[in-house]
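Asks: here are the coordinates; sequence isn't available:
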């Protein structure tokens, strides 16, 4: 059997199992087990494959056909142009979350460039998961001082690995939401909290519903539980003039905006849409104390 024939049979198996982008996944899985890139794979299309490769390929195809996410099989997901290690127990970073990081990077760079700023921009990533948000910011804004929190020890271990692989210094603390940093203040607080309503989670694609951690997806009955918990305490953790930036569900902008407004300590609350035109980010500035 040639490389081309093996991959074609793999794509057919995945398609029959209902996997979207079956051809691409079949190619990426082959590249994963052989260590080839696309160009070298194509150059070898007419070559015969070994029985060992056929056996290994069949094993991981079966995992993908059963619904296991491609990223958990390969262990990698690119985010902000950076390779992040992912594994069961952490949410797989999504491209739409890059909007949050882009806004945060611009804000942090502006802070660091202020002539009257004599210290690093202190950034907090709440519920960091794989570290995609906080570690990316630390990589892209070296002058920032980044702290990441998560309630999951397994997620924090993966985040630490990603920080080490990308050669950035990040503080990691275990605990729920703001509890690990009680009494401390930051200039910028970021979070991509679980915001999917419980009933909606049950209807998600099997790759998400059956494999990604529910605690990183489900935000309670209406998806807003974590925002309610954060709204009342974010102000205490922000320096006057500091900012909060959070990812939100496509239909949650007004609800989250109202929560922040009702605290009386946030101004300039703005929502931003992603490339698909859906509400994705909400930001607010901590009102300076008189």
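Replies: Received it, and whenever you're ready, just let me know what you need. Since we're looking at a predicted model, the values are computed, not measured.
Asks: Check which element follows the lengthiest strand in the chain along the chain.
Replies: Across the chain, the longest stretch assigned as strand under DSSP state E is strand 238-247. Using DSSP states H and E, the helix or strand that follows strand 238-247 towards the C-terminus is helix 253-263.
Asks: Surely residue 196 touches residue 223?
Replies: Yes. Using C-beta atoms under 8 Å, residue 196 is in contact with residue 223, at 5.4 Å. All C-beta spots, glycine's among them, are computed from the backbone N, C-alpha and C.
Asks: Between those two, which contacts overlap?
Replies: residue 249 (C-beta atoms under 8 Å, 6 or more residues apart in numbering).
Asks: Neighbour count for those two, which is higher?
Replies: residue 223 (24 against 19; other C-beta atoms under 10 Å).
Asks: List the backbone torsions phi and psi for the more buried one.
Replies: Main-chain dihedrals, residue 223, degrees, to the nearest 10: phi 80, psi 0.
Asks: which residues touch it?
Replies: So residue 223 contacts 194-198, 200, 249, 252 (C-beta under 8 Å, 6+ apart).
Asks: Apply 10 Å and report the result again.
Replies: By C-beta atoms under 10 Å, 6 or more residues apart in numbering, the contact list for residue 223 reads 193-201, 217, 248-249, 251-252, 255.
Asks: Could you do residue 244 as well?
Replies: Residue 244 makes contact with 124, 126, 186, 188-191, 230-231, 234-235, 237-238, 260, 266, 269, 282-286, according to C-beta under 10 Å, 6+ apart.
Asks: Check the gap between it and residue 269 for me.
Replies: Using C-beta to C-beta, to the nearest Å, residue 244 is found at 9 Å from residue 269.
Asks: Now do the shared contacts for the two.
Replies: 260, 282-285.
Asks: Of these - the most surrounded one?
Replies: Highest count within the shared contacts of residue 244 and residue 269 by other C-beta under 10 Å belongs to residue 284, 26 neighbours.
Asks: Skip the chain neighbours and tell me the closest residue to residue 77.
Replies: Counting by C-beta to C-beta, 6 or more residues apart in numbering, residue 77 lies nearest to residue 71, which is 4.4 Å off, once chain neighbours are set aside.
Asks: Can you give me the neighbour number for that neighbour?
Replies: By other C-beta under 10 Å, the residues close to residue 71 number 22.
Asks: Now the element after the strand or helix carrying it, going C-ward?
Replies: Secondary structure assigned from DSSP H and E places residue 71 in helix 70-74. Next in sequence after helix 70-74, counting helices and strands by DSSP H and E, comes strand 76-79.
Asks: name the helices or strands packed onto that next one?
Replies: helix 70-74, strand 82-85, helix 132-140 (3 or more C-beta pairs under 10 Å, 6 or more residues apart in numbering; DSSP states H and E).
Asks: Show me the contacts of residue 244 that map onto strands.
Replies: Judged by DSSP E, strands contain the following of the contacts of residue 244: 124, 126, 186, 188-191, 238, 266, 269, 282-286.
Asks: does residue 95 really touch residue 81, like I thought?
Replies: No. Assessed by C-beta atoms under 10 Å, residue 95 is found out of contact with residue 81, at 11.2 Å.
Asks: Those two: which is more packed in?
Replies: Neighbours were counted for residue 95 and for residue 81 using other C-beta under 10 Å; residue 95 has more, 12 against 9.
Asks: who touches that one in this structure?
Replies: Residue 95 makes contact with 77-80, 274-275 under the criterion C-beta under 10 Å, 6+ apart.
Asks: From residue 110, how far off is it?
Replies: Residue 95 is 24 Å from residue 110, where distance means C-beta to C-beta.
Asks: ok, back up a step: list only those of the contacts of residue 95 flagged as buried.
Replies: The neighbour-count criterion (16 or more other C-beta atoms under 10 Å) marks 77, 79-80, 274 among the contacts of residue 95 as buried.
Asks: Switch those residues over to CSV; also include distance to residue 2 and pLDDT.
Replies: CSV is the format used below for the buried ones among the contacts of residue 95 (distance: C-beta to C-beta, whole Å; pLDDT from 0 to 100):
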residue, distance to residue 2, pLDDT
77, 30, 96
79, 34, 97
80, 37, 97
274, 41, 92
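Asks: Next, the buried residues of the lowest-mean-pLDDT helix or strand in the chain.
Replies: Of all helical and strand segments in the chain, the minimum by mean pLDDT, DSSP states H and E falls on helix 38-43, at a mean of 88. Of the residues in helix 38-43, residue 41 count as buried by neighbour count, 16+ other C-beta under 10 Å.
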